[in-house]
Structures are given as C-alpha cells and as structure tokens.
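Trainee: Need a 3D model of the sequence below.
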Amino acid sequence: MRGRWKGGKGINSNISSSQGSVKVLEICRHFVLQGNCKFGSSCNFSHILRQVSHVPRAHNGGIRCAITLPLATGELELFTGGCDGKLKCWKVTPVEKTSNNESFRNNGQRKPHNYNGGKYQGIDYSGATMLSVKLESSIDCNAEVCSCLIYGDVMFCGLINGIIRAFHRPTGTHMDLLGHNQEIHQLLIIDNILVSACWGGKILFWKFDSSMGMFNISAQIQVKEHIKCLRYFPYNKINNSNLGQNIAQENCSHCLWICGGGFIQIVDLLSFQVIREISLDGGPVMSVLEYENHLVLCSLQGIIRVLSSTGDETFRKSLGSPILCMDGSNIAAGRHLLMMGQQSGHLRCITLPLFDNILEFHTPDDRSEIRLVTNLGGSPGIFMTAQWDGTLNFYQWCSPTGSQATKHFTI
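Mentor: As a prediction, the model looks like this:
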C-alpha cells in the first residue's frame, strides 16, 4: 500500500511555500495511549489520535518494508521484512469493544498506560477500533528484506544482496531472480511486467515465461545515480507557443519516473529513452506519492515538494529535519493527511491539499527513528508505523465528543 495512495482535491499550483498561515499543533500523548486525558477538552494538545495496537520487538532490528492483503473475513494479512532477514506474516483483526479497554488486554500485547494493578484508570473516549495483531508465520530469507510486493499468488521480496525472491504463496515454494548486485529498494508491476530497481542504479524488467515457469529479463535501464523510488506516472511536455503561452504537448502516458540522490529521470517506456532529467536539492528522495495528478516527494533533508505532470515544481516546504518515510491517510470524508516518519520517534502530519495544518506526535520510544509509515485503510484512517528498534505501532484517527473533545483540530 505504501506509495500508492491517491485522493482528495486538486492541488492549487499557486500555493506558496510561505509558513504564514500554517498552524502547528501537537497531539496529546496521554489521549493517544489511554483514550482519555485528565485535562479533557481544556487540554492544550489535540485529541485526535489513538493507539490501537502495539507489537514490541516484531523484528530483531529495523523493519525495512511492509505490505497488506485484505481478507474476505474483514481481517488483514500484514507482511513485514526486516534487517534480521525475516519475512513475517501477521493477522490483523478488529477486536470487539468491551468496557474499560478490556479489548486491549485481550489482545495479548502491551497493557495500556492507564492499566494499574489489574484496574483500568478511566474510560476510552476515542471510539477507535482496537486491533489484535498475531504472528502467523516467519520465513528466514538469509538477507535483509528491503522491499516487498504482492502480485496475484506471488510475493516478491527484494533483498540487500540484490536477489529478488519470489514466493508462490499457495504452495510455499520460491525461486530467486538474479540480475542485481545491490539492495533492491523498489518493486512494482507495469502491464504484468515486474520492475525492480537497486541502489546501484540498475532497473530490470522481468517477464514471466509460463512455458518455462521462470522470469526472464526483457529490458534494463542503467542510470548514473543511486535509486530510491520509482513511479509509473504520465509526463506532459510543455512547449512555448507563438503567443507566449505554455501549452502541454507530446503527452507520454507510459513513463517511469526514477527518483534517487538529488535527481529525477523520466523514461519513455516505449523507447526506453530518457526524455527529461530534473535536478533536485535537499538530498536523496526518500518517498514519492501520487495525489490528484501530481507527485508529492519528500527528501532526506526535510524538503517536501509537489511536481505536476509537466515536471514543474508547484509547491515546496522545508520541515527543517530529515524525513525518512511518507504515506497518506484518509481522516474523514474528503480530508487527507500526509504522514511522515522522522528521527527520535517523531511523526509529523500535514493536511492536504492546502498544507495548512501540521500535526506532531512524539511516540513513547523517542530513542528509535520511524523508518516506515503505512496506511491500512478504514475511515477514519488506521495506519502503522515501524521503528528502527523493530517495534510496530498501530494508530487510528478519531474524533471524541463531550468532555474529551478537542478544540484545536477536528476530524
């Protein structure tokens, strides 16, 4: 799901990067962990987020990637890959609500912070749905799992040694795809073709040969820079007319946007030629999302920028601190957030499409950076963060009423 979120209103190309009208609000940590706050509606912080599950030491080390698969039962299968070389499958199940947060206790995981001597202190006013997250299976890949992708019955895992391991989920068998020699940062499917990109700048296109039962390399691209992200996104070339107006021409719908260390290369997949190269400041691009015919990019030096399909920058903002990962979340009908993981357990969110509110939350474990944030769906949205110490945290946006209502920002 990461990097595939779309939605909301169109971005206004006239938005400036000025901080003048931006509100910065901090989320109440007590409400996140307990579902209540002793200050109630007079609290100086926002009561809009609730932790709904927590898995400490889900991996022995950092978590590099995650992907979800909805089940017909309403549950989710969650797959995580880590620095410990493990690919793990978790079952995520909504827990029936009972009084005084008992659902959290039945989850078999960490007790909430308002648990004291077998008694619960206060009532959960959040209205959030607690989740049970249970480990179903674990596979040792013998190398760090850097990326993952599910397509049909096959799960692809990109490893740090350049191997792509393809698991056939119904049978449990696997095969290795050999062609890279550095860690695989990105996997995606374009017209039934597997596309893989490694840190060394090589992009390979894999086609499955059903008669031989194997994947063959059908094409490849080599770029000079490191590669972090890929995006299949159209490109509209702008030409200047005789009247001095910019007119979009030469629409190229089959384009691959290659993002890496301070650059974007746009490749026409019909000719495999680079048709545009864009230089970027702000360090390596860490994540790319599509939002209403625009691309939203974040960089390691904390720069958020929005690019149109012509490759022009229409908006930028500096957060002043590194951004390590990014995803989007639906917080209500027609309302969306851009969520970013940072160092010291810092989660920062910005409202779209106007970028006019910044929400900040410091997780309880401020010693470990957030390397992954993933939207799990639902309304209001449920999302997951993965920290470099191997911890998984699950949260849901909420809108409490009455004595716990927030006056600063509502969903």
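
Trainee: CA only for contacts and neighbour counts going forward, please
Mentor: Will do.

Trainee: Which stretches in the stretch 1-150 of the chain count as strands?
Mentor: 23-26, 49-55, 63-70, 76-82, 86-94, 115-116, 119-120, 131-140, 145-151 (DSSP state E, counting those that start in this stretch).

Trainee: Tell me which of the ones you listed is the most buried.
Mentor: Of those, the one with the most neighbours on average (mean count of other C-alpha atoms under 10 Å) is strand 49-55, at a mean of 25.

Trainee: Could you export that strand as CSV, CA atoms only?
Mentor: What follows is strand 49-55, C-alpha atoms only, in CSV (Å, rounded to 0.1, in the frame of the first residue of the first chain):
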residue,chain,number,x,y,z
LEU,A,49,-5.3,10.0,17.5
ARG,A,50,-5.5,6.7,19.4
GLN,A,51,-3.0,3.8,19.6
VAL,A,52,-5.0,0.7,18.8
SER,A,53,-2.2,-1.9,19.0
HIS,A,54,1.5,-2.3,19.7
VAL,A,55,3.9,-5.1,18.9
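
Trainee: In terms of secondary structure, what does it contact?
Mentor: Using 3 or more C-alpha pairs under 8 Å, 6 or more residues apart in numbering; DSSP states H and E, the elements in contact with strand 49-55 are helix 29-34, strand 131-140, strand 392-397.

Trainee: Throw the ones you listed into CSV and include mean pLDDT, thanks.
Mentor: Below are these laid out as CSV (pLDDT from 0 to 100):
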stretch, mean pLDDT
helix 29-34, 92
strand 131-140, 97
strand 392-397, 95
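
Trainee: closest one to S403 among the ones you listed?
Mentor: Among these, the nearest to S403 by C-alpha to C-alpha is helix 29-34 (12.4 Å).

Trainee: which secondary structure elements does that closest one contact?
Mentor: Here helix 29-34 touches strand 49-55, going by 3+ C-alpha pairs under 8 Å, 6+ apart.

Trainee: which stretches of the stretch 101-250 of the chain form helices?
Mentor: Under the criterion DSSP state H, counting those that start in this stretch, the stretch 101-250 of the chain contains helices at 102-106.

Trainee: just to revisit the earlier point, out of the helices and strands packed on strand 49-55, which is closest to Q265?
Mentor: With C-alpha to C-alpha as the criterion, Q265 lies closest to strand 392-397 of these, at 34.0 Å.

Trainee: Name the residues that touch the closest one?
Mentor: Contact with strand 392-397 is made by 48-58, 128-129, 331, 380-386, 411, as judged by C-alpha atoms under 8 Å, 6 or more residues apart in numbering.

Trainee: Show the model's pLDDT score for C28.
Mentor: The per-residue pLDDT reported for C28 equals 93.

Trainee: My understanding was that it contacts S46; is that so?
Mentor: Yes. Using C-alpha atoms under 8 Å, C28 makes contact with S46 at a distance of 5.4 Å.

Trainee: Give me the more crowded residue out of those two.
Mentor: Shown here are C28 and S46; by other C-alpha atoms under 10 Å, S46 has more neighbours (26 against 23).

Trainee: Report the beta-bridge partner residues of the more buried one.
Mentor: When assigned by DSSP bridges, S46 has beta-bridge partners I27.

Trainee: Would you enumerate the residues in contact with the closest residue in space to C255 that isn't next to it in sequence?
Mentor: Excluding its sequence neighbours, the residue lying closest to C255 (C-alpha to C-alpha, 6 or more residues apart in numbering) is D268, at 4.7 Å. By C-alpha under 8 Å, 6+ apart, the contact list for D268 reads 252, 254-256, 274-275.

Trainee: ok, 10 Å please
Mentor: By C-alpha atoms under 10 Å, 6 or more residues apart in numbering, the contact list for D268 reads 234-235, 252-257, 274-276.

Trainee: Among those, name the buried ones.
Mentor: Neighbour counting with 16 or more other C-alpha atoms under 10 Å marks 234-235, 252, 255-257, 274 as buried within the contacts of D268.

Trainee: would CSV of the strands of the stretch 1-150 of the chain with distance to D327 be doable?
Mentor: What follows is these, written out as CSV (distance: least, C-alpha to C-alpha, whole Å):
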stretch, distance to D327
strand 23-26, 19
strand 49-55, 16
strand 63-70, 12
strand 76-82, 16
strand 86-94, 19
strand 115-116, 32
strand 119-120, 34
strand 131-140, 20
strand 145-151, 15
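
Trainee: Which strands border the host helix or strand of Q265, and is each parallel or antiparallel?
Mentor: In the assignment (DSSP states H and E), Q265 maps to strand 263-268. Paired neighbours of strand 263-268 in the sheet (DSSP bridges): strand 255-260 (antiparallel), strand 273-279 (antiparallel).

Trainee: Can you tell me the number of residues neighbouring S279?
Mentor: Per other C-alpha under 10 Å, the neighbour tally for S279 reads 9.

Trainee: Pretty sure V285 is one of the things it touches, is it not?
Mentor: No. If you go by C-alpha atoms under 10 Å, S279 and V285 don't touch, sitting 11.2 Å apart.

Trainee: Low-confidence regions, this protein specifically.
Mentor: 1-21, 97-122, 238-250, 332-334, 379, 407-411 (pLDDT under 70).

Trainee: quick one: D124 from S41, how far?
Mentor: Per C-alpha to C-alpha, to the nearest Å, D124 is found 14 Å from S41.

Trainee: Oh, that last question was meant for H168, not what I typed.
Mentor: Separation of H168 from S41 (C-alpha to C-alpha): 52 Å.

Trainee: Which one of the two is surrounded by more residues?
Mentor: For H168 versus S41, the count of surrounding residues by other C-alpha under 10 Å is larger for S41: 19 against 15.

Trainee: Distance-wise, check that one relative to Q404.
Mentor: Counting by C-alpha to C-alpha, the separation of S41 from Q404 is 5 Å.
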